[in-house]
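Chemist: Only the shape, not the letters, is given here:
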């Protein structure tokens, strides 16, 4: 295994992770909810009364974060090499599968593991495993380089 | 009046939480799909950053959820909505695997997708639109299956 020392950013990764943990902590302790983006978003599709605005507010928070960031510093590089059609297909897949599996990286990966949920351990193992295998096949079996930034 | 006020604080804390979450993603480098894919590429030049993001988040999360589990109501007086399902079924595993494939092909998961949208990335906007369509498709399939 070769570690990419030029791009490995342990301190900002830990600090950013701590902020994500803080956001989840605020959300569960004040709002009594899991900061799982798919669950928050999914509840907007067949919304119940009085159950809409806090969901929208969380999503709006994610959307304005880069705008707030830009008040103080330039945004880090955003590099998306997948084509538009691949993004459309993967967007569909992610939308359906995260609802079907009741969670994504935030709900299962961060909050679920934090509350020591066996379901979330399994879900996180499943999507990590599939992610590793997918990238392996794309880059090292098929030899395609989308996502590599090329 | 009191109820009205508390509704506003519920929305404000959700906004605050979403904003801090988004800033954390940007600081951690996770709003850059190429960096996420560099973590998933074990056989290439591997960037372990994402593991530390998870570690940082979970170490704070462990404390918060230990506290949260002991409470019946939140600091704002709301009912605690912690998941109660304990069954590990095929939905959980198949859903997780399919999500991992989509994540591995694009480098984008739902939270960073909205940060990308806010950053004005056209590709991020395309991903979000189709993710929302996917969620609507899920809702329709579910309501059809229940008939």
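Modeler: Yep, it's here. As the structure is a prediction and not an experimental result, all values here were calculated from the model. Residues are numbered from 1 along each chain as shown, chains lettered A, B, ... in the order given.
Chemist: Where do the strands of chain A begin and end?
Modeler: A:2-3 (DSSP state E).
Chemist: what pLDDT does the residue in it sticking out farthest from the centre get?
Modeler: Centroid-distance maximum for chain A: residue A:49 at 27.2 Å, with C-alpha atoms, centre = their mean. Looking at residue A:49, its pLDDT is 82.
Chemist: can you tell me how far it sits from residue B:108?
Modeler: Separation of residue A:49 from residue B:108 (C-beta to C-beta, to the nearest Å) stands at 32 Å. To be clear about C-beta, it is placed using only N, CA and C from the backbone, and glycine gets the same treatment.
Chemist: According to the record, where do the domains of chain B fall?
Modeler: B:1-82, B:85-147 (automatic domain parsing).
Chemist: Could you export the ones you listed as JSON lines, including mean neighbour count and distance to residue A:91?
Modeler: JSON lines is the format used below for the domains of chain B (neighbours: other C-beta atoms under 10 Å in any protein chain shown; distance: least, C-beta to C-beta, whole Å):
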{"stretch": "domain B:1-82", "mean neighbour count": "20", "distance to residue A:91": "12"}
{"stretch": "domain B:85-147", "mean neighbour count": "20", "distance to residue A:91": "3"}
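Chemist: how about these, which one is nearest residue A:124?
Modeler: domain B:85-147 (7.4 Å; C-beta to C-beta).
Chemist: ok, now which ones touch the residue nearest to the spatial centre of chain A?
Modeler: Nearest to the geometric centre of chain A sits residue A:105, at 4.8 Å (C-alpha atoms, centre = their mean). Residues in contact with residue A:105, defined by C-beta atoms under 8 Å, 6 or more residues apart in numbering or on different chains, are A:127, B:103, B:109-111.
Chemist: one more time with 10 Å
Modeler: By C-beta atoms under 10 Å, 6 or more residues apart in numbering or on different chains, residue A:105 lies in contact with A:20, A:36-38, A:98, A:123-124, A:127-128, A:131, B:30, B:36, B:50, B:53-54, B:57, B:99-100, B:103, B:109-112.
Chemist: Which of those fall in helices?
Modeler: A:20, A:37-38, A:98, A:123-124, A:127-128, A:131, B:36, B:50, B:53-54, B:57, B:99-100, B:103, B:110-112 (DSSP state H).
Chemist: Any regions of chain B where pLDDT drops low?
Modeler: Across chain B, the ranges flagged by pLDDT under 70 are B:1-6.
Chemist: Setting the sequence-adjacent residues aside, check what's closest to the residue most central in space within it.
Modeler: Geometric centre of chain B, nearest residue: residue B:111, 4.8 Å, by C-alpha atoms, centre = their mean. In space, and not counting its chain neighbours, residue B:111 is closest to residue A:37: 4.4 Å by C-beta to C-beta, 6 or more residues apart in numbering or on different chains.
Chemist: Perfect, I'm done here.
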